[in-house]
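J.: coordinates only, sequence not included:
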Ligand SMILES: Cc1ncc(C[n+]2csc(CCOP(=O)(O)OP(=O)(O)O)c2C)c(N)n1
Ligand SMILES: Cc1ncc(C[n+]2csc(CCOP(=O)(O)OP(=O)(O)O)c2C)c(N)n1
Ligand SMILES: [Mg+2]
Ligand SMILES: [Mg+2]
């Protein structure tokens, strides 16, 4: 079963062959490394850029203007914050020209904690990014969605931000990606570790890959339930699913939604679920002040104040300047399984 | 009565003389202009930097490290978004060194709409800034608070962000600043428009200025009321006060809070008011998705869900990539008096 | 140095007058409260018109891409932009094709001619230009990427990024990198900020060809642009061209929009030469001036009658072809 | 060129060995799961030790400010940093004085010696350095600001900003600007990215004095640093020094932390010279090595017994002297 890193690679390969993807670039994205998470290994259009995030985003905008579809990588989202103005520029270009220009381009960047990344390899980017108008923003939590969302990004005519939960890059999923061989993928598309073997290596891409897409803006129910709605994405999503499984043994039936798209997001799916469960917990790992989950809470109370039988809650990262390196610090700074279990229990306990 | 621009100048002058303020710098901050809003006219430590926001913020951090207190200006907050990483760096320096370094520095920048500034002279910065830990953030809405908050920033041992509502720069207040002469201020401290007179001009600073401070973290009730709590700051604050005045004629008694500090903020004041009025409207002009007002709503429902007799509301800027230049566009994009009046009415109407 | 033939000189002069009067019309509109803000390029015509005339105009990779500064009306005028549209933008008319009344004067966007939207943030165009230049490097042909900006803006790291990306070994970009040096950034004198003798010298370390010219001289400008463009078009490598220009009406309406007699005005300079060469008479110049003045005044009157943008349109085009509130 | 006297050479050698063994100890700790991530400077000792020895060490404007790259342990070691503290940071011990177990190995902070916190984001130190240099320009004296960083990082606009701010007319900054050029940025070869012959050439346009040296040669490094420092200390102007150095164990633990035999190792280079000059014997070198190896192993063992950070401390020092959750 493909990992997220492999799913990205296959989607980009499919894009190169079928969707006019012309440039995959960023720091260490090309040979020899193929990306710090191997997500761009073996791709024919991948190349190494200068160490310059502002140049990378600027180049992506220009390539889009020239009609050349590209995927630009920022090595870690922790290093994207010197280019927020350029992300805003990409997001306002169609609007400020009253529809003259559109920018079909994708930026991808790893986000989140989970690898003991300390201050600068643990950042989340959902809060700031959802505050920037004009983009579509996705974040998968399993390989199949990774593939499908990335294909959708490559087909999209507006700027798309593809956030990769870095803690899960090498995790396999439960489902095959359409066209993925049932076994042996690693031997086909992973560059050998052995130096000699790696030298003239060429990937053997699965020939049956398709344009399987996950529509941007569509979430997914990953656990059905009637007692509480839990909405999450990225690294914390599987933890929410696990928490639901664990609590089901206590008779608590949590409905878990994988949002997948942060903008636009699947409000219809959330609404239906809240109307059923009458309470909601939003979970993400960005710092909790001016957090995207707070937007979702605002909308929840805007529309469902009188349908709620408990206050809607947010479980997010502590409002501190970074995630500390030590295991003890990381665990205490961003939501873990036990925090999610506790939070669900506490919302349910507060239901009237 | 001093304007906000004059209040800034006087506070900075006081700082130069009494609080070791050693550098006031930024683009066009020094001679001959003294800032695009004249807020740094006549100051002895003001100087013009290169056109380089990243250099400006970097230099401010370094000056703070060297024990030199500075105020660095970003000409418009619209141009601060290429330096978000540096603001984050300033905010994490004390934390990441486990308390080894502190950074007593102030960044000031004009924010908000109201001058037909189009895309790049209308931005708000409260949402993104409140998402950055490690700073203290203030925004005055009248000259006296301007003076008092800026003095507090100059005394503060941590990074402070001083947001200036640009639409109100030249508006006078209702109250004298301590030490401000009762009349004739303009003749004393405004650079003459006449070229010859301006040539060798020196300001005559009021000699009686004091270290009058407004504590960071303390809001203020500007209208007392029992029917609804309205929390705002910056450009929209006086509009809220006006709306309250207008509605009082209909018998609606709105309590209006000027938050003044966005971080830390005066939760005690808000709490007391909400417990009294049982409903709340938050008003700001930043774009409404992942907006600081949504944080305040989250906290409101976290703590006062069962005390509320109406859903808490946010009135903020439309979620679009910019404020359009045309009058019709600006009016429709950010909250205006009539929108505030409507919003208050609608919350009150929804009270059960 | 090539000398410009008489017909071209006269054409340049004609466009310079027209462009100057357009800018003066826009300033007048500001002063008459027919617009909220003016910024533009009076004083840069002797460089900008020759540049615009030599652009390979069209849509797509075979043509030049332009990433311009907010003082570039002369370039677009020489390419054939309708002055009416500049006036529409000044008046934030709903019919403004550059931004639909959303953006400031001088912030043009013309996708049909590869003119990237002009942005208020200084220097980001030097980054975006990298992208079209990469596409053109791959595409080949003779289309190039042209980027310009002011002197003060080169202090932003983005200017350096452009030089870095344009000069990567074996990956050089076909890019004409221009700095229009008027020795001011708003109120700040270049003398107080620039340790470089010439800004163009910054190209040397990267092996980028450079030249510094008097942008107030039509002949010098035309020839230098021609040579630089020829180099970039054929060698597919970057060229950094610094043109000394004037800022005739101050920074913008924010600084009053007043004529500054201390700046050298390239227009009478050229006119003196044309008269001396018997190519034009003082009367003919006056007639030309009067003609354009009248034309532009009429256009401005007409724009006054155009509708303002519909407030309900604020959400339109947040996304490609999207109309109305979308969430 | 000054030659370094024997006593100093021996001292440098001693510190080079000690520093190398410290880095090797940290790498071993990573491989033993005694730390999550290693990054550091083995291969840069012949430059970094001579630099550290010549720093004017102390607190405040009369002393040098240091804004360093994450490969700078040698500089601090030469200044007298306790290697135990580097080990503590590697192990994210609660007693790590640089970051309290919060930051990666090699990310030192020593306010008492004007050592600004080393940050993960590449190149921002070149901006922060502007500030301490301004303060020192105003203060006078002989204290200077020293900033270093890698070759790939110079592609960030921040490097250019540093040159711009350092060379403003009559406002020059007393700043020693260093680039340690190991010809790699993680996996990316400098050859594919740099159009410059020498990175240091970028100083020329700004009138900044520059030099390119072999940073693997102790004598050359010591002398060049001495001269450059003397210039900056006395002329109060910037100097841009590029040192060619080695990256002996790859980029970081993320690339395996393996010894790379293709890189020139400055340590045996020096040792050969010392032996040839009869200043040291092979046995003495082996003894020295064994001594430090044992010392550092013991320190690492000791650190193992130290407590990890208290999870309740995560809010501490978000603000100066603040402890506990503050909101
Ligand atoms: C990133 C950014 N910072 C600040 C400003 C405000 N600003 C507008 S024009 C200007 C001066 C530009 O000077 P220069 O680059 O020389 O261009 P000129 O106006 O002289 O043509 C400044 C500081 C801006 N527009 N963008
Ligand atoms: C702003 C930023 N972008 C990307 C990274 C990821 N990164 C860490 S080290 C590195 C390469 C640095 O190369 P160089 O500047 O030559 O320094 P060296 O490691 O070779 O000493 C990169 C890309 C980062 N730390 N910071
Ligand atoms: Mg200029
Ligand atoms: Mg390197």
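T.: Arrived safely, thanks for sending. All values reported here derive from a predicted model rather than from experimental measurement. Ligands and ions are numbered 1, 2, ... in the order given.
J.: C-alpha from now on. contacts and neighbour counts both.
T.: Fine.
J.: Which residue comes closest to residue 118 once chain neighbours are left out?
T.: Assuming you mean chain A. Spatial nearest neighbour of residue A:118, excluding adjacent residues (Cα to Cα, 6 or more residues apart in numbering or on different chains): residue A:325 at 4.1 Å.
J.: nope, chain C
T.: Nearest to residue C:118 is residue C:107, by Cα to Cα, 6+ apart, at 4.7 Å.
J.: Next, residue A:163: secondary structure please.
T.: strand (DSSP: H, G, I helix; E, B strand; the rest coil).
J.: And the residue in the stretch 151-300 of chain A positioned nearest to ligand 2, how close does it get to ligand 1?
T.: Here the stretch 151-300 of chain A gets closest to ligand 2 at one residue, residue A:166, 14.5 Å apart by Cα to the nearest ligand atom. As judged by Cα to the nearest ligand atom, to the nearest Å, residue A:166 and ligand 1 stand 32 Å apart.
J.: doesn't residue A:111 make contact with that residue?
T.: Yes. Between residue A:166 and residue A:111 there is a contact under Cα atoms under 8 Å: 5.6 Å.
J.: would you list every one of the helices in the stretch 151-300 of chain A?
T.: A:185-189, A:195-199, A:236-248, A:267-277, A:292-304 (DSSP state H, counting those that start in this stretch).
J.: Give me the neighbour count for residue 65.
T.: I went with chain A, as the question did not name one. The number of residues packed near residue A:65 is 26, by other Cα atoms under 10 Å in any protein chain shown.
J.: Correction: the question concerned chain C.
T.: There are 31 residues near residue C:65, going by other Cα under 10 Å.
J.: Tell me who's in contact with it.
T.: By Cα atoms under 8 Å, 6 or more residues apart in numbering or on different chains, the residues touching residue C:65 are C:113, C:114, C:115, C:116, C:132, C:143, C:144, C:145, C:146.
J.: how about 7 Å then?
T.: C:114, C:115, C:132, C:144, C:145, C:146 (Cα atoms under 7 Å, 6 or more residues apart in numbering or on different chains).
J.: And the pLDDT for it?
T.: The score at residue C:65 is 99. That number is its pLDDT.
J.: For the spatially closest residue to residue C:226 that is not a sequence neighbour, give its distance to ligand 1.
T.: Once flanking residues are discounted, residue C:226 sits nearest to residue C:54: 7.2 Å by Cα to Cα, 6+ apart. To ligand 1, residue C:54 is 21 Å away according to Cα to the nearest ligand atom.
J.: swap in residue A:286?
T.: 28 Å.
J.: Pick out the residue of the stretch 151-300 of chain A closest to chain D.
T.: Per Cα to the nearest Cα, residue A:289 is where the stretch 151-300 of chain A lies closest to chain D, at 10.9 Å.
J.: do the same with the stretch 1-150 of chain A
T.: residue A:52 (4.7 Å).
J.: and that residue, what is it in contact with?
T.: The contact partners of residue A:52, by Cα under 7 Å, 6+ apart, come to D:155, D:156.
J.: helix, strand or coil for the closest residue to residue C:95 other than its chain neighbours?
T.: Of all residues beyond its chain neighbours, the one nearest residue C:95 is residue C:88 (6.7 Å), with distances taken as Cα to Cα, 6+ apart. Using three-state DSSP, the structure places residue C:88 in helix.
J.: how close does residue C:88 get to residue C:17?
T.: 20 Å (Cα to Cα, to the nearest Å).
J.: of these two, who's got more company?
T.: Legend: neighbour count by other Cα under 10 Å for residue C:88 and residue C:17, higher for residue C:88 (27 against 20).
J.: Would you enumerate the residues in contact with that one?
T.: So, once contact is read as Cα under 7 Å, 6+ apart, residue C:88 ends up touching C:95, C:96, C:303.
J.: what helix or strand does residue C:229 sit in?
T.: For residue C:229, the element it lies in under DSSP states H and E is helix C:218-235.
J.: and the helix or strand following that helix with ligand 1, contact?
T.: The element immediately downstream of helix C:218-235 (helix or strand, assigned by DSSP H and E) is strand C:239-244. No. Shown here: strand C:239-244 not in contact with ligand 1 (Cα under 6 Å from any ligand atom), separated by at least 10.9 Å.
J.: Quick one: mean pLDDT for the helix or strand just after strand C:239-244?
T.: Per DSSP H and E, strand C:239-244 leads on to helix C:266-276 as the next helix or strand towards the C-terminus. Over the span of helix C:266-276, the pLDDT mean works out to 98.
J.: and the angle from helix C:266-276 to helix C:218-235?
T.: 110 degrees (axes from the mean of the first three to the mean of the last three Cα atoms, to 10 degrees).
J.: Which positions within helix C:266-276 qualify as buried?
T.: Neighbour counts over helix C:266-276 (16 or more other Cα atoms under 10 Å in any protein chain shown) mark C:266, C:267, C:270, C:271, C:274 as buried.
J.: now for that helix, which elements pack on it?
T.: The criterion is 3 or more Cα pairs under 7 Å, 6 or more residues apart in numbering or on different chains; DSSP states H and E, and there are no helices or strands that helix C:266-276 contacts.
J.: of all of the stretch 1-150 of chain C, which residue lies closest to ligand 2?
T.: Counting by Cα to the nearest ligand atom, the stretch 1-150 of chain C gets nearest ligand 2 through residue C:127, at 16.4 Å.
J.: Can you check the pLDDT for the residue nearest to that residue when sequence neighbours are not counted?
T.: Spatial nearest neighbour of residue C:127, chain neighbours left out: residue A:58 (4.5 Å); criterion: Cα to Cα, 6+ apart. According to the prediction, residue A:58 has pLDDT 99.
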